[in-house]
Structure formats: C-alpha cells, structure tokens
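Chemist: Here's my sequence, what's the structure:
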Amino acid sequence: MANLEILYQNIAAKIIARCHGSIKITKHGKILEVYDMHRHIWSKGLAGLIIKEECKNANLREWEFANVRNYVIKELIS
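Modeler: Model prediction:
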C-alpha cells in the first residue's frame, strides 16, 4: 500500500508541475480552475482531464484517479 501512496504522490506532483501550481481551489477542497501549459488556457473543466491524462500515462486504473485527485488537493492545501 505504501508503494501506491508514493506513486499517487508522484503523479500529483507531476500534475501540479504541469499546471505550474496554477490551480484554484475552494476552501472545501474542490478544484475550480487550472492552467494547462500544454494547451495554454485556464479552464474550469480541465482539471479532471489533466488528472485523467497523467494517470493514463502512468498506467493507472480509472478507480485510482480519485486517489490521485485527493493527493493533488492535499498538496495544494498544505
């Protein structure tokens, strides 16, 4: 289980790096907007797509995407 947590943290770090930390979140931990450097746009619906793309690049299953999203939010809040 520890290996999966490290993997999720690494992917979360990649997502944050891809957006250069330009991710707006609410106080309750919901992602509002992200800036994608690959597409050069701010978007409200793009956060899920970026997470999905990075998770697929790491060969994760769809049920693991939510875990990565939680790590992204934890990293941004801390």
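
Chemist: Can you pull out the residues in contact with stretch 69-78?
Modeler: With contact meaning Cβ atoms under 8 Å, 6 or more residues apart in numbering, stretch 69-78 is reached by 8-9, 11-13, 15-16, 21, 23, 25, 29, 31, 51. No exception for glycine: its C-beta is placed from N, CA and C like everyone else's.

Chemist: For burial, what's the neighbour tally of Ile15?
Modeler: 23 (other Cβ atoms under 10 Å).

Chemist: my read: it touches Leu49, true?
Modeler: No. Taking Cβ atoms under 8 Å as the definition, Ile15 is not a contact partner of Leu49, at 10.9 Å.

Chemist: low-scoring stretches of this structure, by residue?
Modeler: Where the chain drops to pLDDT under 70, the residues are 1-2, 21, 27-29.

Chemist: residue ranges of the strands in it, please?
Modeler: Remark: strands assigned in the chain by DSSP state E are 23-25, 31-36, 41-43.

Chemist: Any chance of JSON lines for those, columns mean neighbour count and distance to Arg61?
Modeler: What follows is the strands of the chain, written out as JSON lines (neighbours: other Cβ atoms under 10 Å; distance: least, Cβ to Cβ, whole Å):
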{"stretch": "strand 23-25", "mean neighbour count": "17", "distance to Arg61": "24"}
{"stretch": "strand 31-36", "mean neighbour count": "18", "distance to Arg61": "21"}
{"stretch": "strand 41-43", "mean neighbour count": "12", "distance to Arg61": "25"}
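
Chemist: To Cys55, which of those strands lies closest?
Modeler: In this view, these are compared for proximity to Cys55 by Cβ to Cβ, and strand 31-36 is the closest at 14.7 Å.

Chemist: what's the closest one packed up against?
Modeler: strand 23-25, strand 41-43, helix 46-57, helix 65-77 (3 or more Cβ pairs under 8 Å, 6 or more residues apart in numbering; DSSP states H and E).
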